[in-house]
Structure formats: C-alpha cells, structure tokens
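Mind looking at a prediction? Sequence and model below.
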Amino acid sequence: MMDVAGRRIMVVGLGRTGVSLTKFLAGKGAKVTVSDHKSPAELANYLDEIDHLELSYDLGTHTPRTFIEQEMIILSPGISPELKIFEYARNHGVRVTGEFEFASQFIEEPVLAVTGTNGKSTACRLMERMLSLSGINVWLGGNFGTPLIDYVLSDKKVDVIIAEVSSFQLEHVESFNPHNIVFMNLAENHLDRHRTFESYVNAKRKIFRNTNHKTTSVLNADDKRVVDLARDPIVQRGRILYFSRKAVLEPQIMNIGGAVNVRNEIRLRVGPEIEIFRTDKMKMKGRHGIENIMAAILATRELGAKPEVIQDVIDNFPGLEHRIEYVRKAGGVLFYNDSKATNPHAVIRALDAFDEPVILVMGGKETNLNYEPLIPFIRQKVKNLILVGEVKERINRALGDYTETFLIGTFEEAILIAYQKSRIDDIILLSPGASSHDMFDNYVERGNYFKKLVNKFS
C-alpha cells in the first residue's frame with residue numbers, strides 16, 4: 001500500500017469522488033491541492049464538506065505551474081486523461097492516475113469486477129443479493145454509484161467487494177488485480193471521450209491486465225467481440241467460464257464450465273456437477289435479463305452463493321429503476337422508463353423485450369455513436385419514432401426512413417406527442433440511446449422527469 005504522508009498530491013474534479021479522495025489523502029497526511037475548472041461559487045456544496053481540512057486550491061482554472069509542482073495527480077472518473085494539461089504534467093515527471101486505480105492499491109479483499117457496455121449495474125445488484133442473502137458480507141460500488149475510495153475511507157472489512165468498472169475507470173489501470181472478472185458485452189459507446197471504438201475497447205481490455213492463474217473470468221459467449229478478447233494470452237492465464245442464451249452451445253459449455261439457457265432453465269456447471277435453475281417465474285423484463293442472471297450465478301456460485309438463494313433471487317428480482325422499468329398504464333397504453341439506455345446497443349436490448357407495437361422516444365447528447373445497427377429493430381418493432389435532443393438529426397438520418405418519425409423541440413413535447421400517437425395496448429418506451437447531458441444532469445434525473453410527466457396523464 002502506498003504511503004502518501006507528506007507527498008504533494010493533486011485531486012482533479014471536485015464532485016462526490018473528489019471530496020472522498022480529498023478526505024482520504026488529507027487524513028493520511030498528504031499535502032493536497034484540489035483543482036477544478038469550475039468556480040468556488042459553483043462548487044460551494046462540495047467545498048463546505050472539506051473546508052475544515054488544510055488544503056491548497058486551484059479553482060476556476062488549471063494553472064500549469066501548480067500541476068508540475070505535484071508528485072501525483074489523481075483524476076475523478078469524469079475527467080479525461082487526454083487533456084493537454086495532464087500531458088504537460090506527465091512530461092514533467094508527474095504521475096497521473098485515476099481514483100479507481102489509486103483506491104484499489106489500498107484494498108486487500110477479493111474484488112469481483114464487472115464491466116461491459118450494458119447490463120453491468122443489473123448484474124452487480126443480482127450478485128450483491130445472491131451473496132448477501134447467502135450470508136456473505138458484500139460491499140458494492142465503483143461505477144455503480146459509490147466511489148471505491150469510499151470503501152477505503154470507511155475502514156470496513158467485507159468478504160467480497162463487487163465493483164462495477166467503466167471504461168473511464170479502466171483507462172488508468174496499472175496494478176488493479178481483481179479476483180473475478182465479469183465481462184457482459186461489448187458495443188460502441190462513449191466515443192465523445194474515447195474518440196474511436198478501438199480506443200474504447202483498449203480501455204475495457206485493461207481489466208485483464210493483471211490476470212493470473214487464480215483469476216476467474218466470466219464471459220459472454222454470444223458476443224463475438226468478447227470472445228475475441230478471450231483469445232488474448234493474458235486472459236488465458238486464468239480460468240474462463242462462458243454464459244450463453246444459445247441452447248446449441250450447451251454440450252460445449254457444460255464440458256468446459258459455464259452456464260447456458262435452455263428453454264425455461266439455466267444449466268450451470270462450475271464444479272463436477274450440473275446445476276439447474278428455473279427462469280419461468282422471473283419478474284425482470286427483457287430477454288437480456290437471462291444474460292445478467294447467468295453472469296451473476298457464475299460469479300457468485302464460485303464465491304459461495306447458495307443454490308436456494310440464487311433461485312429465490314431469480315424469481316423475485318424486479319430489475320433496476322430506469323432500466324425497462326414499468327411506470328404505469330394510462331388510456332390503455334403502457335409506459336416504460338429505460339433512461340439508463342445511453343447507447344444503441346442498450347436500445348436493442350430494450351426493444352427485444354417487447355412483442356407489442358412500440359412508440360420509441362430517443363435522443364439526448366451528441367456523442368458520435370452509430371445508430372444503423374438499430375435499423376432491423378426499428379423496422380420490426382417501432383410504429384412511431386419520437387426524436388429529441390442534440391442527437392436527433394443524426395438518429396433521424398440513420399433511422400427516420402424506417403418508420404413514421406417526428407423531430408420534437410422539447411422533452412415535454414416529445415412525451416406528449418408519443419401519447420397522442422398511441423393506441424390501446426401500445427407501448428411507449430423511453431429508451432434514449434444517448435447520454436442525458438444535453439438536457440439533464442444524469443440518466444436518473446431524465447428518468448424521474450419522464451415518470452413525473454407520465455403520471456400527469458389521465
């Protein structure tokens with residue numbers, strides 16, 4: 001574990017993560033400088049939390065001289081390491097790292113790291129329930145909502161840490177070495193940050209950087225890009241378990257270990273015996289929920305989750321808020337909130353959950369994503385496409401010719417038009433396929449506002 005006492009360390013990005021980092025470092029005797037491009041007035045709430053600490057500040061700007069005076073710079077996940085000020089610091093011998101990589105150096109407990117483009121949060125919550133209800137003490141955080149440094153700061157001791165890990169957190173990985181890795185899937189995302197899909201994949205690949213013979217990796221056999229990653233000799237150093245919704249793969253997967261969906265069963269093998277779990281009572285909406293469940297079972301069964309607990313979780317887990325979340329029925333129309341769908345791949349997963357006609361509301365911040373993979377699903381599933389936000393023109397060029405499409409000025413109007421176009425038994429689905437940051441602070445605020453609007457309909 002790193003000794004930070006007396007070292008000059010800068011924290012960049014004073015949000016929730018930055019505050020926790022600052023408290024930890026100051027508590028360990030580091031000479032801390034806090035930097036953020038926002039003004040003190042904009043950061044007032046966060047500054048109130050740390051005003052009792054002895055700190056230096058570089059707010060409202062990034063002063064190059066202050067940056068090169070540091071021994072280490074730690075970035076919050078939302079801060080891109082590619083900014084020129086960090087290149088300048090690195091060229092002057094300053095180490096630049098991220099909160100997740102830094103915090104992981106202070107953790108001795110086994111870490112179950114979950115990554116992928118979609119399904120991470122649902123899989124993490126399933127794993128938490130399967131383990132905790134089996135009597136195993138668990139801490140859940142990372143990209144899920146609580147920074148990893150909060151666990152270090154708390155002085156808690158648990159049996160297993162479940163960490164949802166984003167590409168932003170993986171960019172900085174050098175020594176992070178999880179005991180178990182779950183890789184859900186891999187599709188185009190966050191190109192406003194990573195610029196190219198290859199760069200995004202390279203960030204995700206870093207989760208395997210320190211794989212060894214003790215590592216178990218749980219991988220999606222139905223995702224060609226994930227299977228391609230598994231061919232890397234680094235990944236092959238550990239044990240690999242696959243999960244698949246394709247019954248045809250059952251003989252192969254049962255031979256090497258893993259899980260496969262056959263009709264209303266999940267057939268699992270992590271040891272000498274094959275175990276069977278039923279899915280006919282599951283409450284979670286969406287066929288992709290089977291993938292989340294299989295990944296969760298494989299990761300937790302090896303860590304001691306009990307079969308009867310796993311079956312109970314399968315039967316009763318309702319899914320996450322803002323992820324194909326049933327809101328209400330009004331005028332014979334069913335409303336679903338899928339605000340967490342911030343990329344086209346997530347929209348495909350949502351549309352796959354419905355057999356009824358769908359009125360789809362999409363749009364948000366422009367992040368240079370490719371929407372053409374949605375074409376066959378728009379043709380087959382969507383009776384009306386309602387577009388809003390910065391990215392609506394791009395989506396319209398890609399998808400507008402394949403169904404009746406409307407480009408709307410405001411979010412409120414978009415939801416109203418969707419309702420006006422609906423008929424009894426239709427589905428109105430908010431599945432934006434884009435970040436919320438053009439109109440909202442985050443997908444939670446967007447989803448809650450959608451529900452507020454929907455609940456006003458008579």
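Everything's here; your move.

First-to-last residue distance for stretch 338-347?
One end of stretch 338-347 sits 8 Å from the other (Cα to Cα, to the nearest Å).

Show me how far it is from its chain's centre.
Here stretch 338-347 is found 11 Å from its chain centre; the criterion is Cα atoms, centre = their mean, to the nearest Å.

Let's test this: mean pLDDT of it, rounded?
Per-residue pLDDT over stretch 338-347 has a mean of 95.

Return the set of buried residues in it.
The neighbour-count check on stretch 338-347 (16 or more other Cβ atoms under 10 Å) flags 338-347 as buried. (Glycine included, C-beta is placed from N, CA and C.)

Also stretch 62-79?
Buried residues in stretch 62-79 (16+ other Cβ under 10 Å): 62, 66-70, 72-77, 79.

Straight-line length of it, end to end?
Distance between the two ends of stretch 62-79: 13 Å, counting by Cα to Cα.

Sort out which of the buried residues of stretch 62-79 are in helices and list them.
Per DSSP state H, helices hold the following members of the buried residues of stretch 62-79: 66-68.

if we can go back for a sec, out of the buried residues of stretch 62-79, the closest to Glu265 would be?
Closest approach between those and Glu265, by Cβ to Cβ: Pro77, at 38.5 Å.

which phi and psi does the residue nearest to that closest one when sequence neighbours are not counted have?
Excluding the flanking residues, the one nearest Pro77 by Cβ to Cβ, 6 or more residues apart in numbering is Phe168, at 4.4 Å. Backbone geometry at Phe168, expressed as degrees, to the nearest 10, gives phi -60, psi -40.

gap between Phe168 and Leu453?
Relative to Leu453, Phe168 is positioned 30 Å away (Cβ to Cβ, to the nearest Å).

quick one: which of the two has more around it?
The residue with more neighbours, out of Phe168 and Leu453, is Phe168; 22 against 18, by other Cβ atoms under 10 Å.

mind checking pLDDT for that one?
Looking at Phe168, its pLDDT reads 90.

so what's the residue nearest to Pro77 up against?
Residues counted as contacts of Phe168 (Cβ atoms under 8 Å, 6 or more residues apart in numbering) are 77-78, 98, 143, 190, 193, 203.

same check, this time on Asn180
Going by Cβ under 8 Å, 6+ apart, Asn180 touches 110-113, 215-218, 299, 302-303.

can you redo the contacts of Phe168 as CSV with secondary structure, pLDDT and distance to Asp150?
Shown next, in CSV, are the contacts of Phe168 (DSSP: H, G, I helix; E, B strand; the rest coil; pLDDT from 0 to 100; distance: Cβ to Cβ, whole Å):
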residue, secondary structure, pLDDT, distance to Asp150
Pro77, coil, 89, 13
Gly78, coil, 85, 16
Gly98, strand, 96, 15
Asn143, coil, 88, 13
His190, coil, 72, 23
Arg193, helix, 67, 23
Ala203, helix, 90, 23
